[in-house]
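sequence first, then the predicted structure:
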Amino acid sequence: MSDQNVPSSVAGTGAGGWTGVVRRRAVRAFPPDRLLPDEQPSWVASWIYVFGVLTLSALCVVLATGGVLALKGPAWWHISSTGRYVNSLHLWSVELFMAFMVVHLWGKFFMAAWRGRRAMTWITGAVAFLASVGTAFTGYLVQQNFDSQWIAGQAKDGLNSVGIGGYFNVLDFGQMLMWHIVLLPLALGLLTVWHILLVRRRGVVPPIPLDAGSADEGDPS
Amino acid sequence: MTARWARLPHPEPAPARTRPYDLVKEFVIALVAVSLLTVALAAVFGAPDERPVTIRSWAQADPADFLSTAFAELDGSSATATYGPPYNSAADGQKIGPVGLAKLVGVRRPIDTADDFVLTPLSDAPQNPDVASALATYKNAGADQQGALRKQYADATTAAKGDPTQIPADTAGPVQILLNQLLSQAQAGSLDGQLLSSGGFYQSDYTKPLLFLNDGTYLAGLADDRHLSGDQWGMMNETGNYPGQPWLWLYTFWYQISPFDHTANADALIWGLMAVLTVGFVLVPFIPGVRSIPRYVPLYRLIWRDHYRSERRL
């Protein structure tokens, strides 16, 4: 692909080696006006579009409140009224995050938002949803209260029944804490960034034609 | 073949009409709004934090259930003792048709309930001569002899109408002495630490105490009172009037209906079903029929109604 779309300041002769290649490709895929647009197609005018940014905002609150809980340690919120409130913030931001994400997901489904080479955008969003379910689930396991005990005891049977429990032990607080605060948030964060970059790269899916009802079934290519 | 309704040119032409859009401003407004909503919800509703059940609180609140459970661990008849993989080989584990994934993975977290939950905690604690003698008698007995000693206790429990706390003192042999001592250790709080300990100073694995607790009926009774049992949509709920994990509704839904509500392989079958549905969910864009639902459910006409209206005007 030619470099004609790349700003000269970036595609200059000085940008050599692997770094230059990566830089040119990054700028070609995400020119500034596509990465941070100041205009949108006129059809992007519905409340359903708000749920994407609401989901992202709620994720930021989840990470911030979870960060405070991590800073103070897992026992803090059981013995401090401030900690209890921060845990409440964490809980409700998760509830909002999941609610916004589900509405966003259904909205994108009924918009058939995978059309026009956007299948990977759907896939990264769907996997991010699954990662969110896993992260929330491990969060419930590491609360160190009655809910944790009961949920762990119930969940072990499903996991053990298909051999997962031998490796992913919901009764092991230490292992679940690591999954909850390191591995799953990392996966979710990477998926979220990937998903958003795909949205920026492919743009918002155009409306379905009004005469769609008489058309044949299609694929997303 | 891409259908007409789903077909888009590549590269897509620039939209005919655009409108001003401030992405950063939109994000900041959304972040502030969500933060304020979170602050308000947390202030009004808080979060549940019911204290966990300890082995001590269980033994103090329901000594009969504790003794019955401890006997089942010693007898090898408890849920954990008969579980199979990953804890032991007492059973094959659940199957999906002919496939037993649990057995395939094998015993990865070995637990001998008699040793781990009863005999080792008794052996590791300093004991009076009566308990030490009973412990030596039981451990040195052969399998048949141990069975006879357990039967002696089981018969005494039956005679006491199923309540082991009502067995008259010194009438049910060494097993009675051992289990009563275990009850004392549990009520004093030391058994909590003994079950948690795995030889090191720092501990974070609660597998043993949680399995022991789950083998009794006390924890399940408390959970049932709090609408958390499996037939009450189970673990997607949480204590109090809080939303819990409603996103697990589909997973817990299967446990409520036939055949999953009465088959011995329910967990494995539901996990298998959920795995298929999950793959389907991720690959929606490629599944004929499913990917066409949006054009049969014309919500898109509502979402893009302004666009269609302006197109008609043009």
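Here it is on my side, so go on.

residues contacting A:L96?
Under the criterion of C-beta atoms under 8 Å, 6 or more residues apart in numbering or on different chains, the contact list for A:L96 reads A:54, A:58, A:61, B:34, B:37-38, B:41. The way it works is simple: take the backbone N, C-alpha and C, and place the C-beta from them, glycine included.

hang on, it in a helix?
Yes - A:L96: assigned to a helix according to DSSP: H, G, I helix; E, B strand; the rest coil.

what ranges do the strands span in chain A?
Secondary structure of chain A (DSSP state E): strands at A:39-41.

residue closest to the middle of it?
For chain A, the residue nearest the mean C-alpha position is A:T192 (3.4 Å; C-alpha atoms, centre = their mean).

now do the contacts for it.
Under the criterion of C-beta under 8 Å, 6+ apart, the neighbours of A:T192 are A:56, A:59, A:128.

B:T137: which of the residues you listed is nearest?
Within those, proximity to B:T137 (C-beta to C-beta) peaks at A:A128, which comes in at 60.0 Å.

tally of neighbours for the residue lying closest to the closest one once chain neighbours are set aside?
Take A:A128 and drop its neighbours on the chain: the residue closest to it by C-beta to C-beta, 6 or more residues apart in numbering or on different chains is A:L191, 4.0 Å away. A count of nearby residues for A:L191, using other C-beta atoms under 10 Å in any protein chain shown, gives 20.

what does B:N241 give?
Counted by other C-beta under 10 Å, the residues lying close to B:N241 total 10.

and it, that one's in a helix?
No - according to three-state DSSP, B:N241 belongs to no helix; its state is coil.

thinking again about what came up before, of the contacts of A:T192, which belong to helices?
With DSSP state H as the criterion, helices contain A:56, A:59, A:128 from among the contacts of A:T192.

now those in CSV, with neighbour count?
Compiled in CSV, the ones in helices among the contacts of A:T192 are given as follows (neighbours: other C-beta atoms under 10 Å in any protein chain shown):
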residue, neighbour count
A:L56, 20
A:L59, 23
A:A128, 23
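
where does the chain dip in pLDDT?
Just so you know, I chose chain A. Regions of chain A meeting the criterion pLDDT under 70 cover residues A:1-14, A:212-221.

sorry, should have said chain B
By pLDDT under 70, the weakly predicted segments of chain B are B:1-3, B:197-199.

ok, which stretches of it are strands?
Along chain B, the stretches classed as strands by DSSP E are B:18-20.

in this structure B:T69 contacts B:D215, no?
Yes - in this structure, B:T69 is within contact of B:D215 by C-beta atoms under 8 Å, at 5.1 Å.

show me what contacts B:L135?
With C-beta under 8 Å, 6+ apart as the criterion, the residues that contact B:L135 are B:119, B:122-123, B:127, B:174, B:178.

and the residues you listed, which are buried?
If you count burial by 16 or more other C-beta atoms under 10 Å in any protein chain shown, the buried members of the contacts of B:L135 come out as B:119, B:122, B:127, B:174, B:178.

gap between the third one and chain A?
Distance check for B:Q127 against chain A: by C-beta to the nearest C-beta, to the nearest Å, it reads 29 Å.

quick revisit: got the contact list for the residue nearest to A:A128?
For A:L191, the contacting residues are A:124, A:127-128, A:131, taking C-beta under 8 Å, 6+ apart as the criterion.

do the same with B:A160
Contacts of B:A160 (C-beta under 8 Å, 6+ apart): B:166-167.

for it, grab phi and psi.
In terms of degrees, to the nearest 10, the main-chain angles of B:A160 are phi -90, psi 20.

for B:V175, which residues are in contact?
Contact analysis of B:V175 by C-beta under 8 Å, 6+ apart lists B:71, B:74, B:134, B:138, B:149-150, B:152-153.

report how many residues lie close to the nearest residue to it once chain neighbours are set aside.
With C-beta to C-beta, 6+ apart as the criterion, B:V175 has its nearest non-adjacent residue at 3.9 Å, and that residue is B:Y153. Using other C-beta under 10 Å, B:Y153 is surrounded by 24 other residues.

ok, B:Y153 to A:R34 distance?
Using C-beta to C-beta, to the nearest Å, B:Y153 is found at 76 Å from A:R34.

swap in B:A266?
49 Å.

give me the more crowded residue out of these two.
Counted by other C-beta under 10 Å, B:A266 and A:R34 do not tie: B:A266 has more neighbours, with 19 against 12.

can you report how many residues lie near the nearest residue to the more buried one once chain neighbours are set aside?
The shortest distance from B:A266 to any residue other than its chain neighbours is 4.6 Å, reached at B:F260 (C-beta to C-beta, 6+ apart). By the measure other C-beta under 10 Å, the count of residues near B:F260 is 16.

test my guess that B:F260 contacts B:A268.
No - counting by C-beta under 8 Å, B:F260 sits too far from B:A268 to count as a contact (10.4 Å).

longest helix of chain B?
helix B:23-45.

that helix: which residues count as buried?
Of the residues in helix B:23-45, those scored as buried under the neighbour-count criterion (16+ other C-beta under 10 Å) are B:30-31, B:34-35, B:37-39, B:41-42, B:45.

which bits of the stretch 51-200 of chain B sit near chain A?
Residues of the stretch 51-200 of chain B found near chain A (C-beta under 8 Å from any C-beta of the partner chain) are B:51-53, B:83, B:85-86, B:93-94, B:96, B:101-102, B:104-106, B:108-109.

redo that, cut-off 7 Å
Residues of the stretch 51-200 of chain B lying close to chain A (C-beta under 7 Å from any C-beta of the partner chain) are B:51-53, B:85-86, B:93-94, B:101-102, B:104-105, B:108-109.

from those residues, which is closest to B:Y255?
Taking C-beta to C-beta as the measure, B:Q94 is the one of these closest to B:Y255, at 13.5 Å.

residues contacting the residue nearest to B:V175?
By C-beta atoms under 7 Å, 6 or more residues apart in numbering or on different chains, B:Y153 lies in contact with B:71, B:172-173, B:175-176.

farthest pair in the contacts of B:L135?
Based on C-beta to C-beta, the longest span within the contacts of B:L135 runs between B:S123 and B:P174 and measures 13.7 Å.

residue boundaries of the helices in chain A?
A:8-11, A:17-29, A:32-35, A:50-72, A:76-79, A:81-110, A:119-141, A:146-161, A:173-178, A:184-202.
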